[in-house]
Structure formats: C-alpha cells, structure tokens
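>>> the following block contains a protein sequence and its predicted model.
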Amino acid sequence: MVQNKLSATINQLEIQAEAIIPTPWGNFKMIAFAENPNEWMPHLAMVHEDYETGAPALVRVHSECITGDLFSSKRCDCGEQLTRAMELAAEQHGMVLYLRQEGRGIGIINKLKAYQLQDEGYNTIDANLHLGLEADARQYDIAIRMLKLLGVEEIRLMTNNPEKVEAFDFSEVDVLERVPIEISPVDENYDYLKTKKDEMGHFLNIL
C-alpha cells in the first residue's frame, strides 16, 4: 500500500513553471516539477537551451546535497559532481535533474546527526542504520517521471552508482550508456568514497 501511494504521488508530478537561467556554463531552462503550483521545494530540471526534444540526452540525476552543493563541503563529492555535470550538460546539450532527496533521502537534520556519528567512527552506511534509517532511501521513479514529461526516451546517464542504472530497468526510459562522473578524493572524503565503492558497489577508481 505504501508503494502504491508513492507511485500515485510520483505520477501526479507535473511541470509547474519554467524559465531560462543564465549560468556560468551557458543558458539552461529551469523546469519545476511538483504535484501543485504552491510547492516550495519542487524537483528541478536544468535543460540546456540547445537540447533537441526527443533526442537521446546526456542526463545527470543528482539528489540534493545542501552541504556539498551549496556550501562546498569536503565531506562528500556531491558539489564537485554537480559542477562537472553542468559542464558536461553544457558541452553536450544535456540536462541535470535535481531531486529534493537530501542526504540520500533522510533529510538535512538526520544527515547532520549521521555526520556526528561518522565523527565518532561510524561509516556513512552504519551511521544511517544506527539512526534507524535506510542506507539509501532515494526514489528514482521521480526522475523517470520527469524525463517522460520532458519527452526523453533514451539517455546517457552520468553516474557512478549501479542502483541508478538499475532503476531504469523495465522503465519507459532506456539507458544507452553509463557515463562516469568521478571526482578525485581528498582526505576529508576518502573514507566516504571508499565505503561507497566497497559496500555500495559504486564504480570508483580508488584504492
């Protein structure tokens, strides 16, 4: 029943507004997706102004990370991945989907609690589990719905995460290729990235 309710909610996502946004990487059309026009935190798509509707698209499905995207935290590679994705989307006339799924779906408050546990020695997965939360609670059906509304049927997916690729299996959007988007680790996020590689199966070239 929970899954049915979730699916119904996702299917109610609609395009509510759009506008051209000049960025350091060129002009993108920002498109807001929500169930109703009064939603304060809609999911967003940044679609390059030269994207050809219906053509295979280079796509990054990026979940919100306030600490990394906005404040350039070194505890993760999210902000740098977002910047690189925008660069590639500009070069190849693609798009970035920005999903409001902070902290792998646990929210900023729980994310900060998890960070405190990580400072005590827990890894990024065990910290979530210790809080009684899922290791990764994100829902990628949202991205599939957004792409369908944008008329996208085939994508080249920018990701290191095998679960994102698998999320498109048997969907109406075909993944033609996985495009790596790897950022070199620094001291502050090495353990985080190593855990993602070793325990979550992410495609990362770190030792």
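Received it, and whenever you're ready, just let me know what you need.
>>> next secondary structure after the strand or helix carrying T9?
Using DSSP states H and E, T9 sits in helix 2-11. Using DSSP H and E, the helix or strand that follows helix 2-11 towards the C-terminus is strand 14-23.
>>> what sits against the residue nearest the centre of the chain?
Centroid-nearest residue in the chain, with Cα atoms, centre = their mean: H62, separated by 1.8 Å. For H62, the contact set (Cβ atoms under 8 Å, 6 or more residues apart in numbering) comprises C78, Q81, L82, A85, V96, L97, Y98, L99. Any C-beta I mention is one placed from the backbone N, CA and C, and that applies to glycine too.
>>> which parts of the chain are helices?
For the chain, helices defined by DSSP state H occupy the ranges 2-11, 78-91, 102-105, 108-119, 124-130, 141-149, 162-167, 190-200.
>>> for those, give me a markdown table that also has distance to D50 and mean neighbour count.
Output for the helices of the chain, formatted as a markdown table (distance: least, Cβ to Cβ, whole Å; neighbours: other Cβ atoms under 10 Å):
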| stretch | distance to D50 | mean neighbour count |
| --- | --- | --- |
| helix 2-11 | 29 | 11 |
| helix 78-91 | 9 | 19 |
| helix 102-105 | 31 | 22 |
| helix 108-119 | 34 | 16 |
| helix 124-130 | 37 | 19 |
| helix 141-149 | 18 | 21 |
| helix 162-167 | 25 | 16 |
| helix 190-200 | 33 | 16 |
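>>> dump those helices into a markdown table; add distance to N38 and mean pLDDT as well.
Putting the helices of the chain into a markdown table (distance: least, Cβ to Cβ, whole Å; pLDDT from 0 to 100) gives the following:
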| stretch | distance to N38 | mean pLDDT |
| --- | --- | --- |
| helix 2-11 | 16 | 59 |
| helix 78-91 | 27 | 97 |
| helix 102-105 | 20 | 90 |
| helix 108-119 | 22 | 95 |
| helix 124-130 | 31 | 93 |
| helix 141-149 | 19 | 96 |
| helix 162-167 | 29 | 93 |
| helix 190-200 | 36 | 89 |
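>>> on that earlier part again, partners of the residue nearest to the centre of the chain in the sheet?
Y98 (DSSP bridges).
>>> what do you get for N27?
P22.
>>> isn't it right next to M46, touching?
No: contact criterion Cβ atoms under 8 Å: N27 and M46 do not qualify, at 10.2 Å.
>>> anything in contact with each of those two?
Common neighbours of N27 and M46 (Cβ under 8 Å, 6+ apart) are I21.
>>> looking at those two, which is more packed in?
M46 (23 against 12; other Cβ atoms under 10 Å).
>>> for the more buried one, which residues are in contact?
I21, T23, F28, K29, M30, M86, A89, M95, V96, L97, Y98.
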